[in-house]
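> A predicted structure for the sequence below; I have some questions about it.
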Amino acid sequence: MEDFKKFLFIKKGLQEVTVLGYIEGIKRLEKKLGEKPSNSQIEEYIYQMYNSTYSYSYKTNTALAIEHYTEHLGRPLKLGRQKKPRTIIKDTLTEAEITKMIFCCKNLKEKAIISLLAYSGIRNKELCDLRVENFDCNRNQIRVLQGKGLKDGISQISAHCSKILQQYIYEFDLDEEDFMFYTYQGNQYTSWALRKRVKVISARAKIMKRVYPHLFRHSLSVNMLIRGADIVSLKNQLRHSLLDTTLHYLNSIVLGERNNYERYEPSYL
C-alpha cells in the first residue's frame, strides 16, 4: 500500500484526501479478493458492485481507485462508468430550521460555524482550511484557496454573518495567519469534528432530518433559488466550473412548488 500511495501522490499528483479514499477502496478490494487479484476477479467484483445499491459516487470512486491500482501493478484495466442519476435533492434545511439551529448554538464559536456554513455554502474541508486572513469583512466575502479541484474562489456572505465572524475573531483573539476554527484541544478543525459539531447542534435544535455540513450548501442553493436568485449568480456563489452542475439544483425547486400549490389548490368536490 505504501508504494501505491507514493504512486498516487507522485505519478498522479492527487490530493491527500483523494489518495486516502482510493487506498481505502483498494483495502476493501483486497480484503475480499486477496492481495493483487487478477483482472478477471476485479471485473467480477465491479460487476457485483455496479448491480448493488451503493451510491453513484461510491461506485465511481471505487472504479477510479481500481484503475489506478491496476496501472500501478503494470496491468492497467479500463472500466466503464455508469450514467450519473439525476436525483432530486431532498430534505434541505428551510430558512426557519437554520434560524433555529443558530438560535440553539451555545456559544459564539458554534454560532460562527453554523452561520458561515449557512450563508456562504462553503464545503466541509474548505471551512476547516479557512484562515482569518481569507475573510474580508469590508466586502463581506470569504476567499477559498485550493478548494475542490485545487481551485481558488470567492463566496459571498451576509453583513450579519460578517458581524458574527468579526465578534468571534475578536473574542478568541485570532491573528491573520491563524485558522478560523480550532478544536477545543487547540488543533486545526477537522472534517470529522465539524460533522460531529453540526450533528450535536441539529439535535439540540430538534431538527428531524439528517444534518451534515454539506447539507448547508444544498440548502443555500435551494433557498436562494426560491427567493428568485438567477442561476449564474448561484453558480458564482457555489464556485462551480460548469453551469450544468448548478442547474441540478433546479430539480429540487419542484418539491417547493408542489408544497405551495397544495396550500392554495382549489377544491371542486
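On my side now, so go ahead.

> Show me where the stretch 51-200 of the chain dips below the pLDDT cut-off.
Applying pLDDT under 70 to the stretch 51-200 of the chain flags residues 86-89, 149-150.

> What are the boundaries of the strands in it?
135-136, 141-144, 153-156 (DSSP state E, counting those that start in this stretch).

> Give me whichever of those strands is most buried.
Among the strands of the stretch 51-200 of the chain, ranked by average contacts under mean count of other CB atoms under 10 Å, first place goes to strand 141-144 (a mean of 20). Glycine gets a C-beta too; all of them are placed from N, C-alpha and C.

> got the contact list for that one?
116, 120, 122, 126, 130, 134-136, 152-157, 239 (CB atoms under 8 Å, 6 or more residues apart in numbering).

> State the pair within the residues you listed that is farthest apart.
Maximum pairwise distance among these (CB to CB): 17.8 Å, between Leu116 and Asp152.

> which of these two has more neighbours?
Remark: of Leu116 and Asp152, Leu116 carries more neighbours, 25 against 11, as counted by other CB atoms under 10 Å.

> quick one: His72 and Phe4 touch, right?
Yes: under the criterion of CB atoms under 8 Å, His72 makes contact with Phe4 at 5.3 Å.

> Export the strands of the stretch 51-200 of the chain as JSON lines, with columns for distance to His218.
What follows is these, written out as JSON lines (distance: least, CB to CB, whole Å):
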{"stretch": "strand 135-136", "distance to His218": "23"}
{"stretch": "strand 141-144", "distance to His218": "17"}
{"stretch": "strand 153-156", "distance to His218": "15"}
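
> Nearest to Glu30 among the ones you listed would be which one?
The closest of these to Glu30 is strand 141-144. By CB to CB, the value is 36.0 Å.

> Indicate each strand paired with the closest one and its parallel or antiparallel sense.
Strand 141-144 pairs in its sheet with strand 135-136 (antiparallel), strand 153-156 (antiparallel), by DSSP bridges.

> what would these look like in a markdown table with distance to His248?
Formatted as a markdown table, these follow (distance: least, CB to CB, whole Å):
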| stretch | distance to His248 |
| --- | --- |
| strand 135-136 | 28 |
| strand 153-156 | 18 |
